[in-house]
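Colleague: build me a model:
(one chain, ligands or ions: 2)
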Amino acid sequence: MNCPLCGKDSNCGYNQADPASTRCWCFHASFPPEIFEQIPAELRKKACICQTCLEQFRMNPSRTEIS
Ligand SMILES: [Zn+2]
Ligand SMILES: [Zn+2]
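Modeller: Ligands and ions are numbered 1, 2, ... in the order given. Model (predicted):
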């Protein structure tokens with residue numbers, strides 16, 4: 001699964017075949033709601049944002065040039 005913001009591998013450990021899987025770091029991270037506005041609607045809640053994009057967004061939330 002690739003990060004919807006940068007297109008790189010998000011290293012998401014979430015297994016879509018097993019909805020009970022909570023192994024991914026993203027289950028324990030808090031995402032600012034604004035970051036989801038930068039994800040194409042069809043990818044929201046499907047693709048995992050990578051840690052790099054989350055950190056970049058936290059450091060500079062007004063930047064929209066992550067692509
Ligand atoms: Zn990313
Ligand atoms: Zn994940």
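Colleague: do the lengthiest helix in the chain and ligand 1 meet?
Modeller: As assigned by DSSP state H, the longest helix anywhere in the chain is helix 51-59. Yes: judged by Cβ under 5 Å from the ion, helix 51-59 and ligand 1 are in contact via C53. The way it works is simple: take the backbone N, C-alpha and C, and place the C-beta from them, glycine included.
Colleague: could you give the mean pLDDT of that helix?
Modeller: Helix 51-59 shows a mean pLDDT of 92.
Colleague: before we move on, what about stretch 7-21?
Modeller: The model assigns stretch 7-21 a mean pLDDT of 76.
Colleague: and this protein, which residues reach ligand 1?
Modeller: Residues of the chain lying close to ligand 1 by Cβ under 5 Å from the ion are 3, 5-6, 50, 53.
Colleague: which among these end up buried?
Modeller: Buried members of those, scored by 16 or more other Cβ atoms under 10 Å, are 3, 5, 50, 53.
Colleague: where do the helices sit along the chain?
Modeller: Under DSSP H, the chain gives helices at 33-36, 51-59.
Colleague: can you say which of those is packed in most?
Modeller: A comparison of these by mean neighbour count, using mean count of other Cβ atoms under 10 Å, puts helix 51-59 on top with a mean of 15.
Colleague: who touches that one?
Modeller: 3, 5-6, 8, 10-11, 25, 29, 31-32, 34-35, 38, 63, 66 (Cβ atoms under 8 Å, 6 or more residues apart in numbering).
Colleague: please save the CA atoms from it in CSV.
Modeller: Only the C-alpha atoms of helix 51-59 are listed here, as CSV (Å, rounded to 0.1, in the frame of the first residue of the first chain):
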residue,chain,number,x,y,z
GLN,A,51,5.1,8.7,8.9
THR,A,52,7.1,11.1,6.9
CYS,A,53,4.1,12.9,5.5
LEU,A,54,2.5,13.0,9.0
GLU,A,55,5.6,14.6,10.5
GLN,A,56,5.9,17.0,7.7
PHE,A,57,2.3,18.0,8.0
ARG,A,58,2.7,18.5,11.8
MET,A,59,5.7,20.7,11.3
